[in-house]
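Trainee: Any chance you can model this:
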Amino acid sequence: MTAQAIITPLKQGKMPAVHHIGDGPQVLFHHATGLGPRCYASFLSELAPDFSPTALMMRPLWPDGPAPDRKREWDVFADDMIAWIEANGSAPVLAVGHSIGAATTAMAAVKRPDLFKGLVLLEPAGVTARIKFLLRLIPYMMRSTRGPAAEVLNGPTSWPGIDAAFADYRNSRAYRRFDDQKLRTLIEALTVPKEDGGIRLEYPRDWEAHLYATPPYILPTLKKLTVPTRIITGKPSLFMDPSIAQALHIARPDLPFTSLTDYGHLLPLEAPAEVGRATREALASLM
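Mentor: As a prediction, this is how the structure comes out:
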């Protein structure tokens, strides 16, 4: 699958995107926290030749992107997506998102349903109303430096080489379902060379910490969707609380779910062929 880079100037910086040239209609893809479009190469290749995926880079990966703003939460990425679609004159579009990318794609579609033809949301991330209420009681500085954010900030960001990074990631519970080859490929996509040798993470840790500190209560957004939508989920997890999925089933029985319970929250990376097939089928149903 041939890929080409696209740079779109927006108000707050230049948004890069990677367009994979296929035989079918364009599909916008929105990635997860800590993961750039290169991490999804195998998954995106599964969408071709039926579709032509364009993977947008969120502002943490912009070459001239602004620093995190404590006053802006995840919805800033929805605004960026809307601005990109308007700048490129490609509406209405099909869109696929994973995790925060799914949540912010849904936010964009609620704000501007006229820009979207259909959505496929892979594990749309967010928190429950109770957790969001509790987070609002905690000062931002504490939220962005403790708990999950602290784990991110205290983790390594550079290594002498791929083998050293692989040893660290192999010991992480988050990647226990990845076989060695898939994990090594993922690490190669997560990292870039350092000027003084070795490798470093491409995605900035300060942005990761900010996003862990500012998750949305996602259920109201999902309930408001008017654009045709399909949702694909993996095993129950903290990233998409089972109570949210259950409440959405009750409130919006018209939103079909596909459950792939053999895989976790990182399902398009764990099983790109299987999840790509399910995504392809969901997109076809939205045409």
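Trainee: Please report how far A245 lies from L260.
Mentor: Distance from A245 to L260, counting by C-beta to C-beta, to the nearest Å: 13 Å. The C-beta positions use only the backbone N, C-alpha and C, and glycine is treated the same way.
Trainee: Quick check: neighbours shared by those two?
Mentor: With contacts taken as C-beta atoms under 8 Å, 6 or more residues apart in numbering, A245 and L260 have T233 as neighbours in common.
Trainee: in terms of contact, does A247 touch Y217 like I think?
Mentor: No. Taking contacts as C-beta atoms under 8 Å, A247 lies outside contact range of Y217: 11.2 Å.
Trainee: Lowest mean pLDDT among the helices and strands, pick that one out for the protein.
Mentor: Least confident helix or strand, the chain: helix 148-154 with a mean of 83, by mean pLDDT, DSSP states H and E.
Trainee: helices and strands around the helix or strand that it is followed by, which ones?
Mentor: Toward the C-terminus, helix 148-154 is succeeded by strand 158-159 as the next helix or strand (DSSP states H and E). Judged by 3 or more C-beta pairs under 8 Å, 6 or more residues apart in numbering; DSSP states H and E, strand 158-159 is in contact with strand 199-201.
Trainee: Helices along the stretch 1-150 of the chain, start to end?
Mentor: Counting by DSSP state H, counting those that start in this stretch, the segments of the stretch 1-150 of the chain that form helices are 41-47, 75-88, 100-111, 129-136, 140-143, 148-154.
Trainee: Quick check: which of these is buried the most?
Mentor: Across these, averaging neighbours per residue (mean count of other C-beta atoms under 10 Å) puts helix 100-111 on top, at a mean of 26.
Trainee: avg pLDDT for that helix?
Mentor: For helix 100-111, the mean pLDDT works out to 98.
Trainee: Show me what it packs onto, helices and strands only.
Mentor: When contacts are defined as 3+ C-beta pairs under 8 Å, 6+ apart, helix 100-111 packs onto strand 26-30, helix 75-88, strand 93-98, strand 116-122, helix 219-223.
Trainee: so what secondary structure elements neighbour the longest one?
Mentor: Contacting helix 75-88 under the criterion 3+ C-beta pairs under 8 Å, 6+ apart are the following elements: strand 2-10, strand 13-21, strand 26-30, strand 52-56, helix 100-111.
Trainee: What are the contacting residues of stretch 274-285?
Mentor: With C-beta under 8 Å, 6+ apart as the criterion, stretch 274-285 contacts 27, 42-47, 50-51, 94, 96, 118, 120, 122, 230, 232, 258, 260, 262-263, 267-268.
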